[in-house]
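S.K.: return a 3D structure for these sequence lines:
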Amino acid sequence: MNYSQINVLVIEDNPGDIRLVKKMLHGASFADNPSMTINLVHIDRLKTALDHLKKHTCDVILLDLSLPDANGLDSILKLKENHPSIPIIILSGQADNQTVAEAVQHGAQDYLAKDNLTANLLLKTIHYTIERHRLLLEIKGRAEELESQNVALNDFAHTVAHQIQGLLSQMVGYASLVDAHYQEQLSVPAQQAVDQIMQSGYKMNNVITELLFLASMRSEEIQVNELDTGRIVAEVMKRLRYHIRETKAEIHLPNSWPVALGYAPWIEEVWLNYMSNGLKYGGNENVPPVLHLGATQEGNGMIRFWLSDNGPGISEMDQKRLFKPHTRVTSKKIRGEGLGLSICWRIVNKCGGDVGVDSKEGSGSCFWFTLPEHGHTIP
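M.R.: Numbering: from 1, shown residues only. The predicted structure follows:
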């Protein structure tokens, strides 16, 4: 501590106890600052103490829980309500665990039993309480500062991202125009360059969209409800209809879905990632993708939703890295841009479930995620 003087307010109505405290603190010094002095003020009523604190500063309060005008934990509540920045140490003869727990729960920083009080213990408790409280205030202030910075940074990121998406749209639009109207006039390398521009533009737009979605997850308040998985999957298939048509994929759905709990807009993104990956990496040059979707009740209050494909499979080493952010597997057919499956993990985790994949090289893959069953509480 860098204080030259510590102002201690003792709120105690027992003359014998106050004499003991004064004796213990008289001439006391701290090992890390021997020149520091203690200024002790004694008051025997809570109301008088509250009036005193309106005009005088205080570094720590030693509070007896049995006062003539306040009994039990009410005194803590009144002190914290009027002076929340002053740490409180309870001084009481009621040395039971329940009292200790309730005192701390209501805002006290520490608790000392009068029967076991020593000068060394009292001095150390005052020292550590003031330091701990100072650190907590610093942490709280820093947290509020970071929260404010994060809000500003989040707004800035959204503004920049939307501007980039607008420029990307123009870039891809002009490339599409060249491809549609001037393709025959272009050389083969030029045609390949235009095609690469469009592919890179679409991929970059997907990455930006995923980053915006990931950022919104940090601040968006969600309302967990019963999920209509059939409707969610139908919406995903509508969004992927051109990709499904292009790959000539076969998609097999169950006749019905069990009811799970989650946040529908987010779970739709999970299915979108799983299905788009299945369309990209299922099948091979001669065989179109074949996707099977389903759900299994695990019997522990959770439902496992899954999607299996007929792709080349994933090695055991790559499976462990697949849901980590910015990770690309070592297989020849690389899954995703390093964000999609990481976002799936974050979404499902926030909804109380887990994600995973079962796969063997050469035998396809089965991606799954779990959600709480309707009627069960989300962890």
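
S.K.: okay, now His133: neighbour count?
M.R.: The number of residues packed near His133 is 18, by other CB atoms under 10 Å. C-beta here means a position set from N, CA and C on the backbone, and glycine is covered the same way.

S.K.: then Ala193?
M.R.: As a burial measure, Ala193 scores 13 neighbours (other CB under 10 Å).

S.K.: and the gap between it and Lys80?
M.R.: Per CB to CB, to the nearest Å, Ala193 is found 68 Å from Lys80.

S.K.: same question, Ile61
M.R.: Remark: distance between Ile61 and Lys80 (CB to CB) = 10 Å.

S.K.: ok, the two, which is more surrounded?
M.R.: Ranked by neighbour count (other CB under 10 Å), Ile61 and Lys80 place Ile61 first, with 26 against 15.

S.K.: please parse this protein into its domains.
M.R.: 5-117, 152-219, 225-372 (automatic domain parsing).

S.K.: got the end-to-end distance for the last one?
M.R.: In other words, domain 225-372. 11 Å (CA to CA, to the nearest Å).

S.K.: and the domains of the chain, which one is worst for confidence?
M.R.: In terms of average pLDDT, domain 152-219 trails the rest of the domains of the chain, at a mean of 76.

S.K.: centre of the chain to that one, how far?
M.R.: Mean C-alpha position of domain 152-219 versus that of the full chain (CA atoms, centre = their mean, to the nearest Å) differs by 30 Å.

S.K.: please apply the same query to stretch 343-355.
M.R.: Computed by CA atoms, centre = their mean, the chain-centroid distance of stretch 343-355 equals 12 Å.

S.K.: put the alpha carbons of it into CSV.
M.R.: Backbone C-alpha positions of stretch 343-355 (Å, rounded to 0.1, in the frame of the first residue of the first chain) are rendered in CSV as follows:
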residue,chain,number,x,y,z
ILE,A,343,-18.8,-20.8,-35.3
CYS,A,344,-20.9,-24.0,-35.1
TRP,A,345,-19.1,-24.9,-31.9
ARG,A,346,-19.7,-21.5,-30.4
ILE,A,347,-23.4,-21.6,-31.3
VAL,A,348,-24.1,-25.0,-30.0
ASN,A,349,-22.0,-24.4,-26.8
LYS,A,350,-24.1,-21.3,-26.1
CYS,A,351,-27.3,-23.4,-26.5
GLY,A,352,-26.1,-26.0,-24.0
GLY,A,353,-24.9,-28.7,-26.4
ASP,A,354,-21.7,-30.1,-28.0
VAL,A,355,-20.4,-30.7,-31.5
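
S.K.: flag every buried residue along it.
M.R.: 343-348, 350-353, 355 (16 or more other CB atoms under 10 Å).

S.K.: out of the domains of the chain, nearest to Ile126?
M.R.: domain 5-117 (5.7 Å; CB to CB).

S.K.: longest helix of the chain?
M.R.: helix 119-181 (DSSP state H).

S.K.: nearest spatial neighbour of Pro222, chain-adjacent residues omitted?
M.R.: Not Pro; residue 222 is Ile. Among residues not flanking Ile222 along the chain, Tyr263 sits closest, at 4.3 Å (CB to CB, 6 or more residues apart in numbering).

S.K.: residues contacting that neighbour?
M.R.: Taking CB atoms under 8 Å, 6 or more residues apart in numbering, we find Tyr263 in contact with 222-225, 347, 350-351.

S.K.: just put the residues you listed in TSV and tack on secondary structure.
M.R.: Shown next, in TSV, are those (DSSP: H, G, I helix; E, B strand; the rest coil):
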residue	secondary structure
Ile222	coil
Gln223	coil
Val224	coil
Asn225	strand
Ile347	helix
Lys350	helix
Cys351	coil
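
S.K.: going by distance to Ile303, which of the residues you listed wins?
M.R.: Distance to Ile303, by CB to CB, is smallest for Cys351 among these, at 11.5 Å.

S.K.: which residues are in contact with Val236?
M.R.: Contacts of Val236 by CB under 8 Å, 6+ apart are 268, 271-272, 275.

S.K.: so which of these wins on neighbours?
M.R.: Most neighbours among those, by other CB under 10 Å: Met275, with 26 neighbours.

S.K.: returning to what we had before: and the contacts of Tyr263, which is closest to Arg239?
M.R.: Arg239 lies nearest to Ile347 out of the contacts of Tyr263, by CB to CB, at 16.5 Å.

S.K.: for the closest one, give its distance to Leu371.
M.R.: Distance from Ile347 to Leu371, by CB to CB: 10 Å.

S.K.: which residues are in contact with both of those two?
M.R.: Taking CB under 8 Å, 6+ apart as the contact rule, Ile347 and Leu371 both touch Ile267.

S.K.: which residues in the chain form helices?
M.R.: So, for the chain - with DSSP H - the helices run 15-25, 46-53, 74-82, 97-105, 119-181, 188-219, 229-239, 241-247, 264-281, 316-321, 340-350.
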